[in-house]
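**Student:** need the 3D shape of this:
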Amino acid sequence: MGKKSVSKGVIKDIVIVAVGVLVIWIGLQVAFGTQNPFYVVASGSMIPVLEVYDVLIVSGHEPFDELVVGDIIVFDRPSDHNKVIVHRVASILDEDPRTIRTKGDANPASMPGTDFPITEEEYIGKVAYTLPQVGYITQLLKPPINYVIIAIVIGIMIVKQFTKRKKEKELSFTDPLDSENPNTIEELSDIDKIEEDNEYSEPTELDNVEESSETKSDEPVESNEKSEKERKE
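**Tutor:** Down below sits the predicted model:
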């Protein structure tokens with residue numbers, strides 16, 4: 001029973017964590033209007049504005065038609081859509097359909113197939129925020145380190161469940177009088193005293209009644225004796 005309870009508790013904690021992460025992730029997607037609002041800079045083409053391992057927060061709510069020269073955007077490479085690029089808008093090539101050209105700040109010129117032609121189909125979003133060097137964490141979380149962290153988290157959950165189970169057992173073996181109301185014994189002792197007082201008080205009252213009756217019976221006898229003596233005299 002103990003092992004089953006622990007395993008159920010661990011599974012419950014894992015489900016709670018997973019649901020929490022999922023809810024947060026969906027909330028971020030809705031807030032920033034893109035399937036993945038986070039990107040890590042992997043090359044130095046935008047130095048010094050963007051450094052390698054900077055984390056970009058990308059907003060998909062910025063319409064492609066409203067982009068202007070100078071905006072930093074994230075897009076799929078137009079030649080094959082197999083790589084995500086972050087470059088600055090260099091010029092508007094056409095308005096119907098809207099087509100733009102980009103360029104990396106550190107690059108000498110725009111590269112065909114990478115920087116242009118970019119249409120709304122390739123557009124992912126505009127860079128809204130930059131978190132400097134936070135991308136180092138993603139490097140640390142690569143296998144096998146990420147699996148070690150997951151194992152540690154699960155281990156903590158198991159220990160938590162065992163500790164909780166142990167505390168419940170300790171509480172079940174404690175004296176209910178001590179655990180529920182420490183003043184119970186003292187109250188019971190007071191009740192005993194009250195009962196003892198009642199036992200001694202009743203005979204005392206009876207004795208008083210008997211004594212009073214005796215005194216009443218003696219008084220007439222004395223008066224009778226006195227009356228007889230007076231007659232004789």
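**Student:** domain ranges for the chain?
**Tutor:** The chain breaks down by automatic domain parsing into domains covering 1-32+141-173, 39-130, 180-232.
**Student:** any idea how far Ile16 is from Leu22?
**Tutor:** In this structure, Leu22 and Ile16 are 11 Å apart, going by C-beta to C-beta, to the nearest Å. All C-beta atoms are positioned from the backbone trio N, CA, C, and that covers glycine.
**Student:** lowest-confidence stretch among the domains of the chain?
**Tutor:** For the domains of the chain, the stretch scoring lowest in mean pLDDT is domain 180-232; its value is a mean of 48.
**Student:** just the helices from this protein, written as ranges.
**Tutor:** If you assign secondary structure with DSSP state H, the helices in the chain sit at 2-32, 136-140, 145-172, 176-180, 184-232.
**Student:** which elements pack onto the lengthiest strand in the chain?
**Tutor:** Ranked by residue count and defined by DSSP state E, the top strand of the chain is strand 84-95. Applying 3 or more C-beta pairs under 8 Å, 6 or more residues apart in numbering; DSSP states H and E, we find strand 84-95 packed against strand 72-76, strand 98-103.
**Student:** dump that strand to CSV, restricted to CA.
**Tutor:** Presented in CSV, the C-alpha positions along strand 84-95 are these (Å, rounded to 0.1, in the frame of the first residue of the first chain):
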residue,chain,number,x,y,z
VAL,A,84,15.7,30.5,-38.9
ILE,A,85,17.5,33.8,-39.5
VAL,A,86,17.5,37.0,-37.5
HIS,A,87,18.5,40.1,-39.6
ARG,A,88,17.6,43.7,-40.0
VAL,A,89,15.3,45.0,-42.7
ALA,A,90,17.5,46.7,-45.3
SER,A,91,15.0,47.7,-48.0
ILE,A,92,11.5,47.1,-49.4
LEU,A,93,11.8,45.5,-52.8
ASP,A,94,8.2,45.4,-53.8
GLU,A,95,4.8,46.2,-52.4
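**Student:** give me the sheet partners of that strand and which way each runs.
**Tutor:** According to DSSP bridges, strand 84-95 forms sheet pairs with strand 72-76 (antiparallel), strand 98-103 (antiparallel).
**Student:** residues making contact with it?
**Tutor:** Counting by C-beta atoms under 8 Å, 6 or more residues apart in numbering, strand 84-95 makes contact with 39, 41, 45-46, 50, 56, 67-77, 98-105, 110, 114-117, 124, 127, all of which sit outside it.
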